[in-house]
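Asks: Kindly generate the corresponding structure for this input.
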Amino acid sequence: MLNMGRDKAKPRVVEFDPVLAALVAERLAQGLHPSLIAMQFAQRADPELVAAYARDIESHPYFQGALAVSDALRKRDWILDCQARSWRQSPDATRIDRREALAPASFLRDYYANQRPVVIGGLVDDWPALSRWTADYLEAKVGRETPVEVQKGRTSRRDFELDKLALRKTVPFGEVADALRSPGPSNDLYVTANNGAGNRAAFGPIWGDFGPIDGYTLPRDGNDGFLWIGPAGTVTPFHHDLTNNLLIQVKGRKRVHMVPNWEEARMKPVRRLFSEWTLEALLKAGETPGDGPPTLIETEIGPGDALFIPVGWWHHVVSLDESYSVLFTNFAWPNDFATPFMQAR
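Replies: Predicted coordinates:
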């Protein structure tokens, strides 16, 4: 119950509304003045009630403790914003380098350690997969009736990437091969890295078609590559990973939009790793003058290209053609960023 009365002899008591209280607390933590908050909720609640909630919340020791954390995060966002503003001054701010046969030491110095993306050609020219992988070849090697795990029914859900665990299905590989042969684009069925654990044995017959990249990756049991296989039109919405990634395009092309990891606040995170932004909304926002939307960088990768995606960098990926990709996280240099992240929960 909350005492709303100004007349102490006849106080007006109303039922406590925890949802309203949480909304008021959120806006107070964002730095909004109580009078402005009252105006925002004028159609939902009496302004005096909102003001009373604000007074009670501001004086509560729990809120004071949370506010100290909020202030620390606000400073962190300011530092990241300084980094973003400095980055935008560079003539290369919206360009991703393309290098050929980049030596591992140069890659480490210029990109891995500096957390800058790069597209590298010439690293996997010896892979048999580049010339062999087609729907027919994989079907013959894997087997049409061999069960494989996929994401299926993606077009039935708006948030298909957030709901990917619910979309895990087991289908005969022939269904994947048929989707690859389909002439039209589709985002309904996709073999992704998230299906890797369930597919290692099934795809064993094609594992010899690719391998470690000398000087870049190390062979490790159970962590020597993740497959992405799908028709033209498959989409991976904006998200970021907890490791540095090396995405090798074997066949087909992919268009990749990336956002630096210091744009965290502007990316409107959802469930920590995903974003409220759609690509269409972000492209439109970028057409408007101002300092609002995050920096968006576009590149395209084709057969034999290796795209380095630094940890925490947001990326949105679209398959422009029937597409086969291999993703590595087993770099020759330290790449365990996930453990401290998970321990901070």
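
Asks: Count the neighbours of the residue nearest to residue 242 when sequence neighbours are not counted for me.
Replies: In this structure, residue 242 finds its nearest non-sequential neighbour in residue 338, 3.8 Å apart by C-beta to C-beta, 6 or more residues apart in numbering. For every residue, glycine as well, the C-beta is placed using N, CA and C. Residue neighbour count, defined by other C-beta atoms under 10 Å, stands at 13 for residue 338.

Asks: Now do the buried residues in the longest helix seen in the chain.
Replies: Assignment by DSSP state H gives helix 61-88 as the longest helix of the chain. Neighbour counts using 16 or more other C-beta atoms under 10 Å place 63, 67, 70, 80-81, 84 of helix 61-88 among the buried residues.

Asks: How far away from the center of its chain is it?
Replies: How far helix 61-88 lies from its chain's middle: 21 Å, per C-alpha atoms, centre = their mean, to the nearest Å.

Asks: List the buried residues of whichever helix or strand comes after that helix.
Replies: The element immediately downstream of helix 61-88 (helix or strand, assigned by DSSP states H and E) is strand 97-100. By 16+ other C-beta under 10 Å, the buried positions in strand 97-100 come out as residue 99.

Asks: And stretch 89-99, by the same measure?
Replies: Buried residues in stretch 89-99 (16+ other C-beta under 10 Å): 96, 99.

Asks: picking up where we left off before, so which elements touch the longest helix of the chain?
Replies: Packed against helix 61-88, as judged by 3 or more C-beta pairs under 8 Å, 6 or more residues apart in numbering; DSSP states H and E, are the following elements: helix 18-29.

Asks: Any buried residues in the helix it packs on, and which?
Replies: Neighbour-count burial for helix 18-29 [16+ other C-beta under 10 Å]: 21, 23-25, 27-29.

Asks: which one of those sits closest to residue 217?
Replies: residue 29 (43.5 Å; C-beta to C-beta).

Asks: Once you drop chain neighbours, what's closest to that closest one?
Replies: Excluding its sequence neighbours, the residue lying closest to residue 29 (C-beta to C-beta, 6+ apart) is residue 70, at 4.6 Å.

Asks: what's the answer for residue 329, then?
Replies: residue 243 (4.5 Å).

Asks: Now the one you found: which helix or strand?
Replies: Here residue 243 is assigned to no helix or strand, by DSSP H and E.

Asks: what's the burial count for it?
Replies: As a burial measure, residue 243 scores 18 neighbours (other C-beta under 10 Å).

Asks: need the contact list for it.
Replies: Contacts for residue 243 were tallied using C-beta atoms under 8 Å, 6 or more residues apart in numbering; they are 311, 329, 335-338.

Asks: For it, give its distance to residue 48.
Replies: The gap separating residue 243 from residue 48 is 52 Å, by C-beta to C-beta, to the nearest Å.

Asks: Ok, residue 249 next?
Replies: 61 Å.

Asks: Which one's more surrounded, the two?
Replies: Per other C-beta under 10 Å, whichever of residue 249 and residue 48 has more neighbours is residue 249, with 25 against 14.

Asks: ok, so what distance separates that one from residue 18?
Replies: Separation of residue 249 from residue 18 (C-beta to C-beta): 50 Å.

Asks: what about the helices in the chain?
Replies: 18-29, 34-40, 47-59, 61-88, 104-107, 129-132, 135-142, 173-181, 196-199, 279-286, 338-343.

Asks: closest to residue 150 out of these?
Replies: helix 173-181 (6.4 Å).
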